[in-house]
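Asker: task: produce atomic coordinates for the following.
(chains A and B)
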Amino acid sequence: AQKVTQAQTEISVVEKEDVTLDCVYETRDTTYYLFWYKQPPSGELVFLIRRNSFDEQNEISGRYSWNFQKSTSSFNFTITASQVVDSAVYFCALSEAAGGYNKLIFGAGTRLAVHP
Amino acid sequence: EAGVAQSPRYKIIEKRQSVAFWCNPISGHATLYWYQQILGQGPKLLIQFQNNGVVDDSQLPKDRFSAERLKGVDSTLKIQPAKLEDSAVYLCASSLDRSSDSEFATEAFFGQGTRLTVV
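Answerer: Have a look, this model is predicted:
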C-alpha cells in the first residue's frame, strides 16, 4: 500500500531563512509520481511540482528546489530566502498506477509559518 | 482556462440531515476526485472517477455517502444522514491523466472546497 509521511507538523522561520520540508514515501510500484502542493489560508490546494520515478534530477525553480532520492524514498522541498507569503500548509503526495488508474494519496502536511 | 468549480462554499446543517455538494471539473479532464479534509489533516480520498465510472471508493462510508458523475462531467457528493464527525472541507479535483502520453500521471487541480459544519 502506498503511504506518505511528513514528519514535520509545524515549522516556524524568520523571513529570509532557508527552510526544507521533508517527505518520505512508501510504494511497491516501480513507476510512480510525486507531487508537492501548497495550501494557503484561503484553502485551495495549489500544485507546485510533479516528479516521476524515473527522473531523479533535482530541480531549482526560482526560490524553490526539490531533492528526490529513490535510495531513501525521499522527496524533500526547499524554499530559499523564505517570505511571509510562503506561509501555508505544504502537502507531499504520491500517485501510483493501481489497477490501471492513478490513485493520489497525500501526507498529513507541514504547516510553515514565516515571520517578518 | 476555467478551474474546478465547487458549490456551495459553506454549509451548516444539523446532524441527521442530508447535504449535497456539486463539482464541475476542468473541461476535458477524465479523472475526478472527491477528498475529505478534516481540520489539521491531509486530504483523504473518498472516491475517484475515471470518466463516469468509479475506479476507487474504498474509503467512502457507503452507508451514508454516495457520489455520481453524470455523463463523465459534473459530479455530486451526498451525505445522508450527516454525523458530527463529517464536519470537514470537501475538496473536488480533476486531472487529465492521458494514459497514452509519456507523462502518465498528470497533476490534479483542486477547487476551493465546500466547508461543511454539522451541528
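
Asker: helix or strand with the lowest mean pLDDT in chain B?
Answerer: Lowest by mean pLDDT, DSSP states H and E among the helices and strands of chain B is strand B:53-56, with a mean of 91.

Asker: whichever helix or strand comes after that one - what's its average pLDDT?
Answerer: Using DSSP states H and E, the helix or strand that follows strand B:53-56 in sequence is strand B:65-69. Strand B:65-69 comes out with an average pLDDT of 97.

Asker: which residue is nearest the middle of chain B?
Answerer: Among the residues of chain B, the one closest to the centroid is B:W34, at 2.2 Å (Cα atoms, centre = their mean).

Asker: residues from chain B in reach of chain A?
Answerer: Residues of chain B lying close to chain A by Cβ under 8 Å from any Cβ of the partner chain are B:31, B:33, B:35, B:41-45, B:48, B:50, B:55-56, B:89, B:91, B:93, B:95, B:97, B:99, B:103-113, B:115. Where C-beta positions appear, they are placed from N, C-alpha and C, glycine not excepted.

Asker: can you do 6 Å?
Answerer: B:42-43, B:50, B:55-56, B:97, B:105, B:107-108, B:110, B:112-113 (Cβ under 6 Å from any Cβ of the partner chain).

Asker: can you redo the residues you listed as a markdown table with distance to A:R50 and secondary structure?
Answerer: Below are those laid out as a markdown table (distance: Cβ to Cβ, whole Å; DSSP: H, G, I helix; E, B strand; the rest coil):
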| residue | distance to A:R50 | secondary structure |
| --- | --- | --- |
| B:G42 | 17 | coil |
| B:P43 | 17 | coil |
| B:Q50 | 19 | strand |
| B:V55 | 20 | strand |
| B:D56 | 20 | strand |
| B:D97 | 12 | coil |
| B:A105 | 8 | coil |
| B:E107 | 5 | coil |
| B:A108 | 10 | coil |
| B:F110 | 14 | strand |
| B:Q112 | 21 | coil |
| B:G113 | 21 | coil |
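
Asker: tabulate the residues you listed (a markdown table), appending neighbour count.
Answerer: Shown next, in a markdown table, are the residues of chain B next to chain A (neighbours: other Cβ atoms under 10 Å in any protein chain shown):
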| residue | neighbour count |
| --- | --- |
| B:G42 | 20 |
| B:P43 | 30 |
| B:Q50 | 18 |
| B:V55 | 16 |
| B:D56 | 19 |
| B:D97 | 20 |
| B:A105 | 27 |
| B:E107 | 20 |
| B:A108 | 30 |
| B:F110 | 23 |
| B:Q112 | 18 |
| B:G113 | 26 |
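
Asker: which among those gets closest to B:L70?
Answerer: B:Q50 (14.6 Å; Cβ to Cβ).

Asker: how close does the closest one sit to B:A20?
Answerer: In this structure, B:Q50 and B:A20 are 22 Å apart, going by Cβ to Cβ, to the nearest Å.

Asker: pLDDT on stretch B:41-50, on average?
Answerer: Rounded mean pLDDT across stretch B:41-50 is 94.

Asker: residues in contact with it?
Answerer: A:91, A:101, A:106-109, B:30-37, B:55-57, B:59-60, B:67, B:69, B:91 (Cβ atoms under 6 Å, 6 or more residues apart in numbering or on different chains).
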